[in-house]
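> quick one, fold the following:
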Amino acid sequence: EDKLFTFDPLAMRWSWSLEAVAQHRYADNVADLMIHRLGRLPAAQREILRVAGAAGGRFDPPLLAKLVTIDHDRLGEHLSALLDAGFLAASQHGLSFSHDRVEEAAYLLTAAPERAAQHAQIARVMKYVWRNALADAVFENANQVQRAEKSVFSTEECEAYLILLMEAARRARDSASYEQAAGYLNAGEELLQTCGSPAVDYRHAFSLACMAAEGDMLLSRMSQAQQRIGECRKRARSPLDQAIACKLRARFKTLHSDYDAAINDALEGLRLLGIELGRGSDALQVEAQLRSIQALIEQRGRRCLEALPKAESETVIVAIGLLATLSCSFFIDDDIRYLHLAKILELTLAHGVAPGSTYGLAWFGVMAAERFGAYHDGHAYCLAALKLIERYGFEVDLTSTLLALDQVSAWTASMDFARRTAQQAIDSGRLSGDLAMACYACNHLVSDSLVMGQHLHSVAEEIQHGLATVRQYGYRDIEQILLAQQAFVSA
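Numbers count the residues shown, from 1 in each chain. Next up, the predicted model:
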């Protein structure tokens, strides 16, 4: 290709110049060689690679056929040539680039001012060509919308792409790709501001703000999270929306150790849903409530817990989620720390399981062990909660449930098992998004290690890791506990 070696058909021999070979600049690796070769491809093949570079990591002939400006009858021929030359590779999902560097070089074939419009075109074509399998191409389509010129979309397209971006953000969040999720949500906000109508605003603006606020907390962007929560409150219209905004405020204030304010926010949200929960201290009321729930479980049989159906009422789902934020009451002297668990179990047994139910079941087990000495019952409740999480995919409750199991395991299993469970609770924090419980688990891990007589050097390292975690989210009360443990170990 570089004409350094030539074949003379008359003389039937190859010829070359060693001086020219010595002076030629060679690529250091295969990717550089491919990029060098890209510039010498026929115009039609360069056009295919240019469009494919903008489409990203996945494309197929039907998609390219709608995007390229070459003769469609020859598209297959050109693709075969690119596959044979090693620029493209075939996979079960279609075609992809053979190397990231080649994809980057192909993307640069489109002039920078033209890229946003091209991404908008690709987003539309993807939505049409892959219309029967859009659920399998959420990220590919969302990536195009994210980089697209938003003003070219119609109101109908805006609504469809908002839903798409939020679904992509949920999937990214659930796989702990929080930065990626934040990028989709920012694109959604830009789309909303650029071309959203009042109808679109009403239906999706609130959900978008709530997801963004949760994402900011997961990314330790606390000042931005506070602003987003304020935006949620402004966009909330129904009592249900307002209750969800109360839940976010309660979670935020818990991380700032403002437990009384967090409890008041949660109670305000519950009142909006018609649920009254009192504060104060009444030992007889607490015992009556807890024994009532225990009797209800025993009446149905403990096996009923693992077979509970999923809740369908949106009001019940939001109420149980709000009640779960009252885990902050564990740090104050108020019977609400018992009563909110009883209320979660009451709603769950009556209406089915929702995110927050398994937290309530597991920590009800802790209270049953602590208050009534029902240690093995408490352990069984925690295990039932874990089975429900696995059955319904309630990862949001995983950290709190593992921490509850750590608590009751001190009575029912080995301390080594309890310590491993506390470590699992910390490790699951990014998956569940339960930052408060993940921080809380840090000092529990240290306590378990001290009780077991672990080497103080390793305990000191655990404390350092714990301090790094809680300082990341600004949870001062847990930091103070860890500092007290650090002083004890140092002494």
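> show me what contacts residue 267?
Residue 267 is in contact with 277, 279, counting by C-beta atoms under 8 Å, 6 or more residues apart in numbering. Yep, even glycine has a C-beta here, placed from its N, CA and C like the rest.
> list the buried residues of the longest helix along the chain.
With secondary structure taken from DSSP state H, the chain has its longest helix at helix 155-174. By neighbour count with 16 or more other C-beta atoms under 10 Å, helix 155-174 contains the buried residues 157-162, 164-169, 171-173.
> for those residues, which one is nearest residue 489?
Compare each of the buried residues of helix 155-174 with residue 489 using C-beta to C-beta and the shortest gap goes to residue 173, at 36.1 Å.
> okay, the nearest residue to that closest one once chain neighbours are set aside: pLDDT?
Of all residues not flanking residue 173 in the chain, residue 181 sits nearest, at 4.3 Å (C-beta to C-beta, 6 or more residues apart in numbering). If you check residue 181, the pLDDT there is 96.
> now do residue 181 against residue 168, distance only.
Using C-beta to C-beta, to the nearest Å, residue 181 is found at 8 Å from residue 168.
> then residue 216?
Counting by C-beta to C-beta, the gap from residue 216 to residue 168 is 17 Å.
> and for residue 342?
Counting by C-beta to C-beta, the separation of residue 342 from residue 168 is 39 Å.
> residue ranges with poor pLDDT in this protein?
1-4, 19-36, 196-202 (pLDDT under 70).
> helices or strands up against the helix or strand where residue 398 lies?
Taking DSSP states H and E as the definition, residue 398 sits inside helix 398-412. In terms of contacts (3 or more C-beta pairs under 8 Å, 6 or more residues apart in numbering; DSSP states H and E), helix 398-412 is packed against helix 357-372, helix 375-392, helix 415-427, helix 429-432, helix 435-452.
> please, where are all the helices along the stretch 51-200 of the chain?
61-67, 75-85, 100-107, 112-129, 138-147, 155-174, 178-195, 198-200 (DSSP state H, counting those that start in this stretch).
> if I pick residue 355, what's in contact with it?
Counting by C-beta under 8 Å, 6+ apart, residue 355 has contacts 317, 320-321, 324, 394, 396-397.
> can you report phi and psi for it?
phi -50, psi 130 (degrees, to the nearest 10).
> just residue 12 next, same as before
Torsion angles, degrees, to the nearest 10, at residue 12: phi 60, psi 50.
> that one and residue 5, how far apart?
15 Å.
> ok, residue 230 next?
With C-beta to C-beta as the criterion, residue 230 and residue 5 are 70 Å apart.
> thinking again about what came up before, who wins on neighbours among the contacts of residue 355?
Of the contacts of residue 355, residue 397 is surrounded by the most neighbours, 29 neighbours in total, counting by other C-beta atoms under 10 Å.
> hang on, it packs against residue 385?
Yes: the pair residue 397 / residue 385 is scored as a contact, 7.2 Å apart, by C-beta atoms under 8 Å.
> overlap in contacts, these two.
What both residue 397 and residue 385 touch, as defined by C-beta under 8 Å, 6+ apart, is the set 358-359, 362.
> so which elements touch the longest helix of the chain?
Short answer (3+ C-beta pairs under 8 Å, 6+ apart): helix 155-174 packs on helix 112-129, helix 138-147, helix 178-195, helix 198-200, helix 206-218.
> which outside residues touch it?
If you take C-beta under 8 Å, 6+ apart as the criterion, helix 155-174 is touched by 123-124, 127, 134, 138-139, 141-142, 145-146, 150, 153, 178, 180-182, 184-185, 187-188, 191-192, 194-197, 199-200, 203-204, 207-208, 211, 214-215, 218, 395, 431, 433.
> and stretch 336-343, by the same measure?
With C-beta under 8 Å, 6+ apart, stretch 336-343 has contacts from 263, 275, 277-279, 285-286, 289-290, 292-293, 323, 326, 329-330, 360, 363-364, 367, 371.
> check contacts around residue 463.
Per C-beta under 8 Å, 6+ apart, neighbours of residue 463: 446, 482, 485-486, 489.
> what do you get for residue 44?
70-71, 74, 78.
> top of these by neighbour count?
residue 78 (21 neighbours).
> on that earlier part again, would you mind saying which of the helices and strands packed on helix 398-412 lies nearest residue 471?
helix 435-452 (9.6 Å).
> could I get that closest one in CSV with only the CA atoms?
In CSV, the C-alpha atoms belonging to helix 435-452 read as follows (Å, rounded to 0.1, in the frame of the first residue of the first chain):
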residue,chain,number,x,y,z
LEU,A,435,-25.5,5.6,52.2
ALA,A,436,-26.6,6.1,55.9
MET,A,437,-26.7,2.3,56.6
ALA,A,438,-23.4,1.8,54.7
CYS,A,439,-21.7,4.4,57.0
TYR,A,440,-23.4,2.8,60.1
ALA,A,441,-22.0,-0.5,59.1
CYS,A,442,-18.4,0.9,59.3
ASN,A,443,-18.4,1.3,63.0
HIS,A,444,-20.2,-2.1,63.5
LEU,A,445,-17.4,-3.8,61.6
VAL,A,446,-14.9,-2.3,64.0
SER,A,447,-16.9,-3.3,67.0
ASP,A,448,-17.1,-6.9,65.7
SER,A,449,-13.3,-6.9,65.1
LEU,A,450,-12.6,-5.6,68.7
VAL,A,451,-15.0,-8.2,70.3
MET,A,452,-13.2,-11.0,68.3
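> next SSE after that helix?
helix 456-473.
> pull the distance from whichever helix or strand comes after that following helix to the chain's centre.
Using DSSP H and E, the helix or strand that follows helix 456-473 in sequence is helix 476-490. Offset of helix 476-490 from its chain centre (C-alpha atoms, centre = their mean, to the nearest Å): 30 Å.
> quick one, helix 476-490 and helix 435-452 angle?
20 degrees (axes from the mean of the first three to the mean of the last three C-alpha atoms, to 10 degrees).
> for helix 476-490, name the packing helices and strands.
Using 3+ C-beta pairs under 8 Å, 6+ apart, the elements in contact with helix 476-490 are helix 435-452, helix 456-473.
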